[in-house]
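[1] A structural model of the following input is requested.
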Amino acid sequence: AQVAPAMAPAYLAEIARGIGRLPDTELVTLVPNPRGFESFLQLGLGPGGFGHTVGLFHSAVEAHNRANFGREIAENQAWIRTIAEQARAREVPRVGYVSAAFGFRPTPDGELLDAPLSDVHRFIEIQRDLGTRTVTLSDLQGVRTPAETRDRLGELLHRLGDDARSWLGYHPHHADPDTGVALAEAAYDAGIRLFDGSLGARGGCVTGAPGNAPTEGLLEMLHRKGARTRIDEAALAEASRAFDAASG
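    Residues are numbered from 1 along each chain as shown. So this is what the prediction gives:
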């Protein structure tokens, strides 16, 4: 199986130096295993260095977890528990992610493998017990409709309690950027207030995830909904143009 490639430490170090420390900005580095956390510390990404937050993550569907990491969910959870304990001892902040939280199709025309709501709820609680400040749920292939997305997230917020609105996030994917934004709008209507996006909807995943939701579209939607984001749409558009120019 093709699994997510490890990022070379030298490349990570180059990225960290290029970005540096940004005021009022949290930089998150995903760390899949204890060896990755060792690299995180050696590269100076923690406190006293570049000040990154550790991202702890696994899938809600066994087939996707094996495709993405080459291991079972339980093994992933044991590893992120070790990372969380070491990060806590070093005062490194943690955030959590649950991939395929809405299901997973191993092939484009294949059967949808469900992520039971009870499992997703349990995985969220496990992440919170590890001291994660936020937990973000990914519909990594855009397998749910806006109505299904709204209902699923609404039920999870009900089970988790009112304060979950301040820390539960949503990460949409879809081949069509406009649909990705529509899914995010459904999540907003359910009560979600934390969203992931990507400039120009760039990015994907080796396990078949299509493009991310465009940050530009998410911002327009949030402003239309009356949300206050403190993000300048014109400045964001300029950043997207600069990225286009730099990448080719």
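
[2] CA atoms for contacts and neighbours, from now on please.
    OK.

[3] low pLDDT regions in the chain?
    1-7, 206-208, 248 (pLDDT under 70).

[4] mind listing the strands for it?
    28-30, 53-59, 94-99, 132-139, 168-172, 194-195 (DSSP state E).

[5] on contacts alone, who are the packing partners of the helix ranked longest in the chain?
    When the chain is scanned for its longest helix (criterion: DSSP state H), the result is helix 73-89. Here helix 73-89 touches helix 34-42, strand 53-59, helix 62-69, going by 3 or more CA pairs under 8 Å, 6 or more residues apart in numbering; DSSP states H and E.

[6] switch the cut-off to 7 Å
    Helices and strands touching helix 73-89, by 3 or more CA pairs under 7 Å, 6 or more residues apart in numbering; DSSP states H and E, are helix 34-42, strand 53-59.

[7] nearest to Arg94, out of these?
    strand 53-59 (4.9 Å; CA to CA).

[8] tell me what the closest one is packed against?
    strand 28-30, helix 73-89, strand 94-99.

[9] run the angle between that strand and helix 62-69 for me.
    Computed by axes from the mean of the first three to the mean of the last three CA atoms, to 10 degrees, the angle separating strand 53-59 from helix 62-69 equals 130 degrees.

[10] what's strand 53-59 in contact with?
    Under the criterion CA atoms under 7 Å, 6 or more residues apart in numbering, residues 27-32, 65, 73, 76, 80, 92-100 lie in contact with strand 53-59.

[11] try 6 Å this time
    28-31, 65, 93-100 (CA atoms under 6 Å, 6 or more residues apart in numbering).

[12] adding neighbour count and distance to Ser247, write the residues you listed out as TSV.
    Output for the contacts of strand 53-59, formatted as TSV (neighbours: other CA atoms under 10 Å; distance: CA to CA, whole Å):
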residue	neighbour count	distance to Ser247
Val28	16	22
Thr29	20	22
Leu30	18	23
Val31	21	26
Asn65	21	31
Pro93	19	31
Arg94	25	31
Val95	23	29
Gly96	26	29
Tyr97	26	28
Val98	24	30
Ser99	24	27
Ala100	29	29
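
[13] adding distance to Lys225, write the residues you listed out as CSV.
    Below are those laid out as CSV (distance: CA to CA, whole Å):
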residue, distance to Lys225
Val28, 27
Thr29, 30
Leu30, 31
Val31, 34
Asn65, 35
Pro93, 31
Arg94, 30
Val95, 26
Gly96, 27
Tyr97, 25
Val98, 26
Ser99, 27
Ala100, 27
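
[14] any chance of the strands of the chain in TSV, plus distance to Gly44?
    Listed next are the strands of the chain as TSV, based on distance: least, CA to CA, whole Å:
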stretch	distance to Gly44
strand 28-30	12
strand 53-59	12
strand 94-99	16
strand 132-139	21
strand 168-172	27
strand 194-195	28
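
[15] Pro108 is nearest to which of those strands?
    strand 132-139 (14.5 Å).

[16] how about stretch 103-112: buried residues?
    Judged by neighbour count (16 or more other CA atoms under 10 Å), stretch 103-112 contains these buried residues: Gly103, Phe104, Arg105.

[17] need the winner for burial among the helices and strands packed on helix 73-89.
    Among those, ranked by average contacts under mean count of other CA atoms under 10 Å, first place goes to strand 53-59 (a mean of 25).

[18] just how off-centre is it within its chain?
    Its chain's C-alpha centre and that of strand 53-59 lie 8 Å apart, by CA atoms, centre = their mean, to the nearest Å.

[19] what's the closest of the strands of the chain to Arg150?
    Once those are compared by CA to CA, strand 168-172 is nearest, at 11.0 Å.

[20] export the closest one to PDB, keeping only CA atoms.
    Extracted C-alpha coordinates of strand 168-172, given in PDB (Å, rounded to 0.1, in the frame of the first residue of the first chain):
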ATOM      1  CA  LEU A 168     -14.100  21.300  17.600                       C
ATOM      2  CA  GLY A 169     -13.000  22.100  14.100                       C
ATOM      3  CA  TYR A 170     -13.900  20.900  10.500                       C
ATOM      4  CA  HIS A 171     -11.500  20.200   7.600                       C
ATOM      5  CA  PRO A 172     -13.400  19.700   4.300                       C
END
